[in-house]
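S.K.: Mind folding the following:
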Amino acid sequence: MSREPPYGIKFGSNWQVSARKRDVKDGKLEDAVREAEQIKAFRDTWELGIHSYLSYLRDRLLVARELLTESGSCFVQIGDENVHLVRSLMDEVFGRDNFVSLISFDKTSSSSMEYMDGVSDYLLWFAKDFDLLKYRALFTLKSERTMRFLELADGTRRPASRAERQGLESSPAGARWYEVGDLTSQTDSSRARYEVEFRGLRFPAGKRNWATPLTGMKRAIAAGRVERRASSIGFVRFADDFPAVPLKNNWGDTGTGSFTEDKIYVVQSGTKVVQRCMLMCTDPGDLVLDPTCGSGTTAYVAEQWGRRWITVDTSRVALALARQRLMGAKYPYYLLADSEKGRHKEQEVTGIPLPPTPTKGDVRRGFVYERVQHITLKSIANNPDIWEGMTRQEIDEAIKRHVDFEMLYDRPYEDRSRVRVCGPFTVESLSPHRSLAFAETPEAAGRESISQRAGAQDGEGPTFEQTILDNLRKAGVQNGRTRERITFATLDTHAGLHVQAVGERLGGPSGDAAGRATRIGVAIGPQYGTVSPQFIKAAAKEAIKDGEIDLLCVLGFAFDPQATGVTAEDGVTVEVGDAGFASVAGERQLGRIKVLLVRMNADLLMGEDLKKTGAGNLFTVFGEPDIQISHPDADSVVVTLKGVDVYDPTTGEIRTNDTGQIALWMIDTAYNEESFFVRHCYFTGGNDPYRRLKTSLKAEIDEDAWASLYSTVSRPFPRPESGKIAVKVINDYGDEVMKVFEV
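M.R.: Numbering: from 1, shown residues only. Below is the predicted model of the structure:
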């Protein structure tokens with residue numbers, strides 16, 4: 001499990017507004033978040049500064065601990081500002097005995113601070129149960145030039161020159177680098193106290209004992225692994241004895257900068273950091289959870305290394321970025337241990353034949369990894385095949401017969417004849433709800449969020465609904481296509497469950513033919529969250545029951561992608577385009593009612609300091625994609641995306657018939673009215689993940705077919721047996737809208 005909570009408590013430091021603009025500055029209004037869910041998250045998390053933040057984090061860590069398997073790990077990435085506080089908090093949640101390590105890692109190649117540059121962040125690593133922790137040791141390959149001595153091809157030994165150690169001169173052909181290490185230990189054993197006779201001299205153990213009994217010492221001498229140093233003797237370690245160094249808790253090779261790794265999100269983690277955490281604590285097929293999706297780095301890395309993954313975020317921008325990143329990714333195809341090619345490679349690497357068995361391609365059996373030999377004093381001292389008088393070749397062969405190996409879990413063998421892209425994944429959403437899952441006591445179960453408590457304490461302050469209605473009276477509702485506006489002559493509260501107000505708009509060109517005042521009902525969706533189809537249906541039924549409401553305006557900060565799927569069968573005619581202001585008398589007489597979906601500007605949640613949007617753009621018609629269905633022949637279908645109304649919350653502008661701000665659009669070519677399955681996916685605008693994928697594939701491809709993936713016109717597909725298709729459009733701000741068509 002990986003968590004990446006905010007590093008500080010600055011308003012704009014942990015999100016971004018658009019999928020295309022990563023540069024976010026604190027204090028700049030245009031960079032402030034414009035998603036209702038994140039505004040609430042910020043208020044409830046930071047209202048009391050670090051105190052409310054730690055309370056927020058503790059609740060989630062408690063849930064994280066319960067979700068972990070007994071051998072699982074939890075990593076929290078944090079900056080130096082709060083690392084000491086979060087360490088104390090995790091001690092409380094997981095227990096001090098389950099602390100594993102505090103890892104520092106470089107986050108950037110340079111920094112500019114007033115005093116000392118800060119270029120590091122930290123990983124707090126805790127286990128669910130320290131004694132049951134799953135751990136796979138990682139290694140970094142070391143340079144042989146860190147050693148000080150050379151053994152030449154003829155067996156003579158000498159110190160390496162400074163130029164040889166610095167790489168300015170090549171070492172002689174056939175030379176082996178080595179170092180002389182300690183041959184003593186603190187082992188308390190009478191078998192390890194003796195005098196060693198070496199080249200006519202006798203060497204006592206001294207204050208410490210020898211690291212091996214006398215028989216083992218004789219084998220080390222016979223193998224040429226003992227060398228005199230000053231007044232004692234040492235153990236000769238060649239560079240290829242163990243050409244790797246165990247990974248420690250100071251990672252200096254993880255910086256993300258202009259010359260290291262591209263960043264697409266404001267608080268994006270480096271892939272190397274996430275990769276190491278994942279490889280140390282999981283195996284292929286294990287499940288990884290990241291509750292703070294961001295740019296989707298955890299999901300991206302998990303997909304590469306064969307781990308199952310779940311990632312969560314309140315930001316629609318983050319989810320749009322993650323989806324683009326995964327769909328445009330290319331991964332190496334690692335050799336599976338449970339495959340014919342993998343078994344063949346395993347036999348080749350180990351030299352040991354494997355018994356015949358059927359293969360199923362099960363990723364949970366792991367990959368075939370590179371490995372390095374690990375020759376130690378112990379392996380030589382206990383080697384029964386070493387005796388005095390052997391040649392160098394015979395000694396080396398005897399050592400290799402009994403050598404141990406270390407798996408390099410970050411270096412699996414690749415099948416370079418195959419290319420792998422991201423596998424299937426789902427994107428799911430939850431309806432807004434108050435969470436009581438974190439409560440541990442009856443008292444805690446009834447607690448309110450900080451923003452809710454503040455509103456209750458201010459008895460004279462306006463409620464959320466009152467604030468919306470006050471602004472609606474002044475601003476009216478703007479239509480993005482025709483620039484028309486609904487202006488209210490009156491707007492009074494209404495004692496309904498879903499319909500909170502009813503107003504009048506004077507008749508005329510947009511009213512009925514008799515000039516009667518049009519009565520408009522107003523249903524306000526949730527303060528934090530999306531408006532669901534069920535809410536629209538319930539509000540419409542309430543408006544129909546009233547009998548005098550001609551048009552129902554459903555207001556929301558965000559709408560469920562299926563909100564426009566409410567049909568006449570539900571007694572509703574949904575309008576999201578410029579026809580929404582047309583006469584509705586005929587519809588009312590048929591026992592149906594027109595519904596206009598109206599998007600509320602998130603500035604309505606943010607107070608006067610952030611209300612920079614013009615009053616006319618506080619309430620705008622929710623944009624619907626303009627879709628054209630055509631049939632090249634009797635059995636095929638082509639979908640054309642002609643445009644969509646896109647509201648830009650950073651400027652307050654509405655772009656009409658604009659495909660440049662669409663992040664991607666998808667088609668379910670056989671919609672079953674239950675779930676949306678992505679069978680076609682196309683990108684438009686400035687981001688083209690498929691182009692990057694095309695470049696990285698470096699293979700011969702059909703240029704015309706590839707170009708069709710970055711288009712507003714779909715590839716032809718057969719008519720579905722279900723008779724229905726669904727089209728979903730997502731803009732750069734993460735807003736989704738879905739339409740269902742009969743074909």
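S.K.: make it CA atoms for all contacts and neighbour counts henceforth
M.R.: OK.
S.K.: ok, which stretches of the stretch 1-150 of the chain are helices?
M.R.: Secondary structure of the stretch 1-150 of the chain (DSSP state H, counting those that start in this stretch): helices at 36-46, 50-67, 83-94.
S.K.: no no, the stretch 451-600 of the chain
M.R.: Counting by DSSP H, counting those that start in this stretch, one finds helices in the stretch 451-600 of the chain at the ranges 464-475, 533-546, 585-589.
S.K.: I'd like those helices laid out as TSV, including mean neighbour count and distance to A220.
M.R.: Formatted as TSV, the helices of the stretch 451-600 of the chain follow (neighbours: other CA atoms under 10 Å; distance: least, CA to CA, whole Å):
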stretch	mean neighbour count	distance to A220
helix 464-475	16	81
helix 533-546	19	78
helix 585-589	15	97
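S.K.: wait, which of these is closest to I386?
M.R.: Taking CA to CA, helix 533-546 is the member of the helices of the stretch 451-600 of the chain nearest to I386, at 78.8 Å.
S.K.: Quick one: end-to-end distance for stretch 528-537.
M.R.: Stretch 528-537 stretches 19 Å from its first residue to its last (CA to CA, to the nearest Å).
S.K.: same check, this time on stretch 173-187
M.R.: Termini of stretch 173-187 sit 40 Å apart (CA to CA).
S.K.: List of residues touching it?
M.R.: With contacts defined as CA atoms under 8 Å, 6 or more residues apart in numbering, stretch 173-187 is touched by 144-145, 147-153, 205, 208-211, 227, 233-239.
S.K.: which of those count as buried?
M.R.: Neighbour counting with 16 or more other CA atoms under 10 Å marks 144-145, 147-152, 205, 209-211, 227, 233-239 as buried within the contacts of stretch 173-187.
S.K.: and the helices of the stretch 1-150 of the chain as CSV, adding mean neighbour count and mean pLDDT?
M.R.: Below are these laid out as CSV (neighbours: other CA atoms under 10 Å; pLDDT from 0 to 100):
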stretch, mean neighbour count, mean pLDDT
helix 36-46, 20, 51
helix 50-67, 16, 88
helix 83-94, 16, 96
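S.K.: Please name whichever of those is nearest to R165.
M.R.: Checking these against R165 by CA to CA gives helix 83-94 as the closest, at 39.5 Å.
S.K.: Who are the packing partners of that closest one?
M.R.: Helices and strands touching helix 83-94, by 3 or more CA pairs under 8 Å, 6 or more residues apart in numbering; DSSP states H and E, are helix 50-67, strand 120-127.
S.K.: Averaged over its residues, which helix or strand of this structure has the lowest pLDDT?
M.R.: helix 585-589 (a mean of 39; mean pLDDT, DSSP states H and E).
S.K.: low pLDDT regions in the stretch 501-650 of the chain?
M.R.: Residue ranges of the stretch 501-650 of the chain with pLDDT under 70: 506-516, 561, 564-592, 606-617, 622-624, 645-650.
S.K.: How about the stretch 1-150 of the chain?
M.R.: Ranges of the stretch 1-150 of the chain meeting pLDDT under 70: 1-49, 108-113.
S.K.: how much space is there between the closest residue to Y178 other than its chain neighbours and N601?
M.R.: Excluding the flanking residues, the one nearest Y178 by CA to CA, 6 or more residues apart in numbering is F238, at 4.1 Å. Distance of F238 to N601, given as CA to CA: 68 Å.
S.K.: Among the buried ones among the contacts of stretch 173-187, which lie within strands?
M.R.: 149-151, 209-210, 227, 233-238 (DSSP state E).
S.K.: got a list of what R193 touches?
M.R.: Under the criterion of CA under 8 Å, 6+ apart, the neighbours of R193 are 204-205, 209-210, 213.
S.K.: Include distance to G476 and pLDDT when you put the residues you listed into TSV, please.
M.R.: Formatted as TSV, these follow (distance: CA to CA, whole Å; pLDDT from 0 to 100):
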residue	distance to G476	pLDDT
P204	96	91
A205	93	85
N209	89	91
W210	89	94
P213	92	93
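S.K.: need those in JSON lines with distance to R679, can you?
M.R.: Below are the contacts of R193 laid out as JSON lines (distance: CA to CA, whole Å):
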{"residue": "P204", "distance to R679": "77"}
{"residue": "A205", "distance to R679": "74"}
{"residue": "N209", "distance to R679": "70"}
{"residue": "W210", "distance to R679": "69"}
{"residue": "P213", "distance to R679": "69"}
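S.K.: Quick check: the gap between R136 and Q324.
M.R.: According to CA to CA, R136 stands 31 Å off from Q324.
S.K.: Those two: which has the busier surroundings?
M.R.: Q324 (21 against 17; other CA atoms under 10 Å).
S.K.: Run through who's touching stretch 127-135.
M.R.: Stretch 127-135 has contacts (CA under 8 Å, 6+ apart) with 65, 68-74, 94, 97-100, 280-282.
S.K.: Return the residue of this structure that is most distant from the centre.
M.R.: G200 (65.1 Å; CA atoms, centre = their mean).
S.K.: which residues sit in contact with V729?
M.R.: By CA under 8 Å, 6+ apart, V729 lies in contact with 625, 662, 664-666, 736-738.
S.K.: Could you rerun that using 6 Å?
M.R.: 665, 736-737 (CA atoms under 6 Å, 6 or more residues apart in numbering).
S.K.: Need the worst-confidence member of the residues you listed.
M.R.: Within those, pLDDT reaches its minimum at E736, with 75.
S.K.: Share the number of residues neighbouring that residue, please.
M.R.: The local packing of E736 (other CA under 10 Å) involves 23 other residues.
S.K.: and it, what are its bridge partners?
M.R.: E736 has these beta-bridge partners by DSSP bridges: I730.
S.K.: picking up where we left off before, got CSV for the helices of the stretch 1-150 of the chain, with distance to F557 too?
M.R.: Conversion of the helices of the stretch 1-150 of the chain to CSV gives the following (distance: least, CA to CA, whole Å):
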stretch, distance to F557
helix 36-46, 7
helix 50-67, 24
helix 83-94, 33
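S.K.: Quick one: closest of the ones you listed to V502.
M.R.: Nearest of the helices of the stretch 1-150 of the chain (CA to CA): helix 36-46, 24.9 Å.
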